[in-house]
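Enquirer: Here is the input, now give the coordinates:
(one chain, ligands or ions: 1)
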Amino acid sequence: MTAQPGQLDATRVEEMMGRLFGNLGGAVTSALSWLGDRLGLYRAMQGAGPMTSEELAARTHLSERWVREWLHGQTAAGFLDYDGTSRFTLSDEAAAVLADEDSPTFGAGGLHHLPNLMGEVLLRLPEAFRTGLGLTYDDMGEEAAVGVERLLAPWFRHALVPVALPALDGVVDKLESGALVADMGCGAGIAMLKMAEAFPKSEFRGYDISRFALERAAENLKESGAKNATFCDASVDPMPEDGRFDLITTFDCIHDMAHPSDVIRVIRRAIKPDGTWFIADIHCGANLQENLDSGNPMLPMLYGFSVLCCMSSSLSTPEGEGLGTVGFGEAKARQMTAEAGFSRFQAHDFDNPLNAYYEVRV
Ligand SMILES: C[S@@+](CC[C@H](N)C(=O)[O-])C[C@H]1O[C@@H](n2cnc3c(N)ncnc32)[C@H](O)[C@@H]1O
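Expert: Numbers count the residues shown, from 1 in each chain. Sure, this is the predicted structure:
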């Protein structure tokens, strides 16, 4: 039976109300931020100095009253600076996160897919909770692949080739002289194309099962002009399991796969005896308590994305293993790679709060 109001600890009730409405505030603020990204409001304010709502509306060809309310909301949320009368500024620091897609700290890509996730995807989840069956990436709509691309691309553009690859034992030497590389779960292909552009003597193959991701990858390939890269639909043209690859990469995808143990076994058979498997996956502990003890401020967001997207994908076929966003931390990665026959495992820290990195070898 529910406790009567007089029996409750009023301070704790107040804290709970604060928590609920604070999170609701975060959700609707993110909706306004999505509008800022989609309508080019952040980009219009980047480097422009203090602006009135009339100036911003004129610059973006939008209705002033709507722009003014957006400015007020974004100021209240701490994204904009306000001069106390009528002018609003997007600081250079805010622009580096919200406006400048070329910045290593660009984060607004994480908002891209929010309307789909919080709209049609969310509305299908009560059924998923009943049946146990989740949605594939393609079930989540065309924008899912673009959202993932925009979220993860900054690290690939700025750190993968100059920072991460040189830290892997002997990998850059092989790539410079000509290696065969596979990127499993390649998504829109940005990571692979960055490597293909940097190492023209090597050959790169991306594998994914998402039609929308492969379509984006084809567009990105055309734009890049790389001649040493191809993308394959792994469900019809699977990775050959004959020990031919010098380097295999998996970026933030093992935890999304319905049958990661099978894919890891494929990777084990596909890699050369002296090859390297480079894994990026979510920085997390082995269980909920370890995650709570870590104090990771992103934890609620990670569990949220897990239910809305990653765990859903990993349960999208019957008997899916259901790892989810925080299901492939270091302990699990060590266990699953060892079970597949890999014997060497080295963790790397490339200063990315979201991801951990593992260099795995036979
Ligand atoms: C979070 S995205 C990461 C994409 C890309 N690696 C990146 O970093 O941008 C996860 C990807 O894994 C793909 N995926 C899921 N299961 C797969 C499987 N069994 N084989 C290949 N790709 C798979 C999804 O389609 C999706 O594109």
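
Enquirer: Not counting residues beside it along the chain, what's closest to the residue in the chain positioned nearest to the ligand?
Expert: At 2.5 Å from the ligand, residue 187 is the closest residue in the chain, using Cβ to the nearest ligand atom. The C-beta positions use only the backbone N, C-alpha and C, and glycine is treated the same way. Distances taken as Cβ to Cβ, 6 or more residues apart in numbering put residue 213 closest to residue 187, at 4.7 Å, once the chain neighbours are dropped.

Enquirer: For the one you found, list the residues it contacts.
Expert: By Cβ atoms under 8 Å, 6 or more residues apart in numbering, the residues touching residue 213 are 137, 145, 148, 186-189.

Enquirer: Quick one, which of these are buried?
Expert: With neighbours counted by 16 or more other Cβ atoms under 10 Å, those contain buried members at 137, 145, 148, 186-189.

Enquirer: ok, these vs residue 32, which is closest?
Expert: Using Cβ to Cβ, residue 148 comes nearest to residue 32 of the buried ones among the contacts of residue 213, at 22.1 Å.

Enquirer: doesn't residue 188 make contact with that closest one?
Expert: Yes - assessed by Cβ atoms under 8 Å, residue 148 is found in contact with residue 188 at 7.0 Å.

Enquirer: Name the helix or strand for residue 206, please.
Expert: With elements taken from DSSP states H and E, the one containing residue 206 is strand 203-208.

Enquirer: Just checking: what are the partner strands of the longest strand seen in the chain?
Expert: Determined from DSSP state E, the single longest strand within the chain is strand 271-282. Sheet partners assigned to strand 271-282 using DSSP bridges are listed as strand 245-251 (parallel), strand 355-361 (antiparallel).

Enquirer: Let's test this: mean pLDDT of the first one, rounded?
Expert: Averaged over strand 245-251, pLDDT sits at 98.

Enquirer: That strand vs strand 203-208, what angle?
Expert: Interaxial angle, strand 245-251 versus strand 203-208 (axes from the mean of the first three to the mean of the last three Cα atoms, to 10 degrees): 40 degrees.

Enquirer: Residue numbers of the chain in contact with the ligand?
Expert: Taking Cβ under 6 Å from any ligand atom, the part of the chain that reaches the ligand is made up of 137, 148-149, 152, 184-188, 191, 207-210, 213, 234, 251-253, 256-257, 263.

Enquirer: returning to that earlier point: could you pull out the buried residues of the longest strand of the chain?
Expert: Buried residues in strand 271-282 (16+ other Cβ under 10 Å): 271-272, 275-282.

Enquirer: Dump those to CSV, plus pLDDT.
Expert: What follows is those, written out as CSV (pLDDT from 0 to 100):
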residue, pLDDT
271, 98
272, 98
275, 98
276, 98
277, 98
278, 98
279, 98
280, 98
281, 98
282, 98
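
Enquirer: Now render those residues as CSV, adding distance to residue 296.
Expert: Formatted as CSV, the entries for the buried residues of strand 271-282 read as follows, by distance: Cβ to Cβ, whole Å:
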residue, distance to residue 296
271, 31
272, 36
275, 32
276, 28
277, 25
278, 23
279, 19
280, 17
281, 14
282, 10
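
Enquirer: what's the most distant pair in those residues?
Expert: 272 and 282 (27.6 Å).

Enquirer: and residue 136, which of the three is it?
Expert: Under DSSP: H, G, I helix; E, B strand; the rest coil, the three-state class of residue 136 is coil.

Enquirer: can you tell me which residues contact residue 124?
Expert: The contact partners of residue 124, taken as Cβ under 8 Å, 6+ apart, are 135, 139.

Enquirer: can we see that at 10 Å?
Expert: 134-135, 139-140, 312 (Cβ atoms under 10 Å, 6 or more residues apart in numbering).

Enquirer: Tell me the buried residues within the residues you listed.
Expert: Neighbour-count burial (16+ other Cβ under 10 Å) applied to these gives 134-135, 140, 312.

Enquirer: ok, which pair from these is furthest apart?
Expert: The distance between the two most remote of the buried ones among the contacts of residue 124 (Cβ to Cβ) is 9.7 Å, for 134 and 140.

Enquirer: so what sits against both of those two?
Expert: The contact lists of residue 134 and residue 140 share 121, 124, 308-309, 312-313, 316, where a contact means Cβ under 10 Å, 6+ apart.

Enquirer: Would you map the helices across the stretch 251-362 of the chain?
Expert: For the stretch 251-362 of the chain, the helices defined by DSSP state H, counting those that start in this stretch occupy 260-270, 288-294, 299-305, 311-314, 330-339.

Enquirer: from those helices, which stretch is densest packed?
Expert: Ranked by mean neighbour count, those are led by helix 311-314 with a mean of 26 (mean count of other Cβ atoms under 10 Å).

Enquirer: Other residues contacting that helix?
Expert: Helix 311-314 is contacted from outside by 117, 121, 124-125, 128, 133-140, 144, 210, 253-260, 303, 305-306, 320-328, using Cβ under 10 Å, 6+ apart.

Enquirer: same thing but 7 Å
Expert: By Cβ atoms under 7 Å, 6 or more residues apart in numbering, the surrounding residues in contact with helix 311-314 are 128, 134-137, 255-258, 320-325.

Enquirer: Tell me the one of those residues nearest residue 350?
Expert: Using Cβ to Cβ, the contacts of helix 311-314 come closest to residue 350 at residue 255, 18.2 Å.

Enquirer: Contacts only, for that closest one.
Expert: Residue 255 neighbours (Cβ under 7 Å, 6+ apart): 281-282, 310, 314, 323-325, 327-328.

Enquirer: any weak-confidence spans in this structure?
Expert: The chain contains residues with pLDDT under 70 at 1.

Enquirer: Strands along that one, start to end?
Expert: Under DSSP E, the chain gives strands at 81-82, 88-89, 180-184, 203-208, 229-233, 245-251, 271-282, 344-348, 355-361.
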